[in-house]
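[1] predicted model follows, preceded by the sequence.
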Amino acid sequence: MAESGLAQLLSEVAVDKNEKVRRKAVASLGEFMFYAATQLDDEQADPVWNLNSMAISTLVKCLQQGEDEIVRFYACKTIENITAQSISAGCNFATLEVATLLLNIYHTQQLESFKTSAAVSVSHICKLNTTLFPTIFESITCK
C-alpha cells in the first residue's frame, strides 16, 4: 500500500476545482498519512512509509486562507494527529510556515473545535521544534 502511489494521487486530486472532491481527497489523504505516521517510529520501521513530500506540501497548502473551510479543518486535524503520534513524521510539519498558518487559523476562526485543533497542533509543533517556541509564544501573548 505504501508503494502504491496513493499519496501522490490523492495530492493531485486535492487541488481539484470541485470543493466536494477536494474535501474527500484531503480526508482520505489525511487518513493515509496518519496511518503511515503510525508505522514510522518503531525500531523496525520500514522507510517505505516515509511521508510523501508532495502530500506534505498539499496539506500545508490546504491550511491557507481562501481554501474551503472544511478542507482547511481536515488538513489541520491531520497535522494535529500526525504531530501527536509520530516524532519522525511530525517533524515534517514542525516549521515556521506551518506554525504561522495554524496561528492564523487560531486567531481568525470562530468554530471552537477548529481553533482547538490549531492550538493543539501548534503545541505539538513547539514540542517537536523547540526553536519555534519564542516566536510562537510572542505571537499569542499580550504585548
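    Done, it's in.
[2] sticking with residue 107, tell me its helix or strand.
    For residue 107, the enclosing helix or strand under DSSP states H and E is helix 96-108.
[3] pull out the buried residues from that helix.
    98-103, 105-106 (16 or more other C-beta atoms under 10 Å). Yep, even glycine has a C-beta here, placed from its N, CA and C like the rest.
[4] mind checking pLDDT for residue 114?
    Looking at residue 114, its pLDDT is 97.
[5] check residue 125 too.
    96.
[6] before we move on, what about residue 47?
    87.
[7] check the one 4 residues further on too.
    Residue 51 is assigned a pLDDT of 94 by the prediction.
[8] residue numbering should commence at 124 henceforth.
    Done: numbering now begins at 124, and the last item shifts to residue 174.
[9] please enumerate the strands of the protein.
    Using DSSP state E, no strands are found in the chain.
[10] lowest average confidence, helix or strand, in it?
    helix 256-263 (a mean of 78; mean pLDDT, DSSP states H and E).
[11] just list what it packs against, helices and strands only.
    Other helices and strands packing on helix 256-263, by 3 or more C-beta pairs under 8 Å, 6 or more residues apart in numbering; DSSP states H and E, are helix 219-231, helix 235-251.
[12] and the angle for the helix holding residue 230 with helix 235-251?
    Relative orientation of helix 219-231 and helix 235-251, computed by axes from the mean of the first three to the mean of the last three C-alpha atoms, to 10 degrees: 150 degrees.
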